[in-house]
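> take a look and give me a structure for this.
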Amino acid sequence: MGKVKNYMTDIEEKVFDIEGLEEKIGECETMTEMKAWVVEKLGLTTHFDIGIAEGVVEECWVDFWSFY
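Sure, this is the predicted structure:
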């Protein structure tokens, strides 16, 4: 894999490693609220990093709420 792909994978893994991620998805009323929580937890500041994390949140959000 290339350096960029490795970097993106690292951020994705950090999102999945956040303690209480699934519980927080169930507590948040909007996906926007959930994205902001993840960005704050990871301390992300660049648009590139935030975009990667938000993409992971979107996937998790859809997966979680598809059961309801």
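
> how about Ile50: what's its closest non-neighbour residue?
Nearest non-adjacent residue to Ile50, counting by Cβ to Cβ, 6 or more residues apart in numbering: Leu44, 5.0 Å away. To be clear about C-beta, it is placed using only N, CA and C from the backbone, and glycine gets the same treatment.

> ok, now which ones touch that neighbour?
11, 50, 53 (Cβ atoms under 8 Å, 6 or more residues apart in numbering).

> most neighbours, which of the residues you listed?
Neighbour counts for these, by other Cβ atoms under 10 Å, peak at Ala53, which reaches 21 neighbours.

> so how far is the helix or strand hosting Glu58 from its chain's centroid?
According to DSSP states H and E, Glu58 maps onto helix 47-65. Once both centres are worked out by Cα atoms, centre = their mean, to the nearest Å, helix 47-65 turns out to sit 4 Å from its chain's centre.

> same question for stretch 58-66.
Distance, centroid of stretch 58-66 to centroid of chain: 11 Å (Cα atoms, centre = their mean).

> buried stuff in it?
60-61 (16 or more other Cβ atoms under 10 Å).

> list the contacts of it.
15, 21-22, 25-26, 31, 34-35.

> what subset of those is buried?
With burial judged by 16+ other Cβ under 10 Å, the buried subset of the contacts of stretch 58-66 is 15, 21, 25, 31, 34-35.

> can you tell me which of these are in helices?
Mapping those onto helices (DSSP state H) picks out 15, 21, 25, 31, 34-35.

> I'd like those residues laid out as a markdown table, including distance to Cys60.
Conversion of these to a markdown table gives the following (distance: Cβ to Cβ, whole Å):
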| residue | distance to Cys60 |
| --- | --- |
| Val15 | 8 |
| Leu21 | 7 |
| Ile25 | 6 |
| Met31 | 10 |
| Met34 | 8 |
| Lys35 | 10 |
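
> need phi/psi at the residue nearest to Ile50.
Main-chain torsions, Leu44, degrees, to the nearest 10: phi -80, psi 140.

> again, but for Glu19
The phi/psi pair for Glu19 (degrees, to the nearest 10) is phi -60, psi 130.
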